[in-house]
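Colleague: fold the stuff below for me.
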Amino acid sequence: MAVAERTHTQKLTFFTYPSCTSCRKAKAWLSENGVNYEERHLFKNPPTAEELLDIIKMTSNGLDEILSTRSQRFKNLDVDINDMSVKELLEMLSEEPQLLKRPILTDGENLIVGFNSSAMKNLLS
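Modeller: Residues are numbered from 1 along each chain as shown. Reported below is the predicted structural model:
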């Protein structure tokens, strides 16, 4: 069943990285279902610290939901995120978007991190 119209008034923002397999799957799903969205290259146009704060507010598990702790970039960091202020952490994530899980899809009220077609269908219905 295709999703032709969004019922939400908020625009859909899709933070993506073209070489990411999950991002390509999510993009294909959005296209196949006729969903309009604003695509933002995660590394060329990363979310601001303010946008990241809004994203974290939409999570159920806070930072754990969007921080890619298994990434090599995270493992190479010489910081303990538990010792950082929220402001410092948000600024670091905005400056180092490789530390974010991807894709990130939001309508400003709801959030999907990673490719999850059933969650995408629920978000858009």
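Colleague: just give me the longest helix of the protein.
Modeller: helix 21-32 (DSSP state H).
Colleague: contacts for the helix or strand just after that one next, please.
Modeller: The element immediately downstream of helix 21-32 (helix or strand, assigned by DSSP states H and E) is strand 38-41. For strand 38-41, the external contacting residues (CB atoms under 8 Å, 6 or more residues apart in numbering) are 11-18, 27, 46-47. Just so you know, the C-beta spots here come from the backbone N, C-alpha and C atoms, and that holds for glycine as well.
Colleague: if you rank the residues you listed by neighbours, which is first?
Modeller: Of all these, the most densely surrounded is Phe15 (26 neighbours; neighbours counted as other CB atoms under 10 Å).
Colleague: related to what we said a few turns ago, check the offset of the longest helix of the chain from the chain's centre.
Modeller: Between the centre of helix 21-32 and the centre of its chain there are 13 Å (CA atoms, centre = their mean, to the nearest Å).
Colleague: let me know the average pLDDT across that helix.
Modeller: Confidence for helix 21-32, expressed as mean pLDDT, is 96.
Colleague: out of the contacts of strand 38-41, which sit inside strands?
Modeller: Members of these lying in strands (criterion: DSSP state E): 13-16.
Colleague: from the residues you listed, which is closest to Leu77?
Modeller: Phe15 (20.5 Å; CB to CB).
Colleague: what's the weakest-modelled helix or strand in this protein?
Modeller: Least confident helix or strand, the chain: helix 72-76 with a mean of 86, by mean pLDDT, DSSP states H and E.
Colleague: tell me the mean pLDDT for stretch 86-102?
Modeller: The model assigns stretch 86-102 a mean pLDDT of 94.
Colleague: endpoints of that stretch, how far apart?
Modeller: 21 Å (CA to CA, to the nearest Å).
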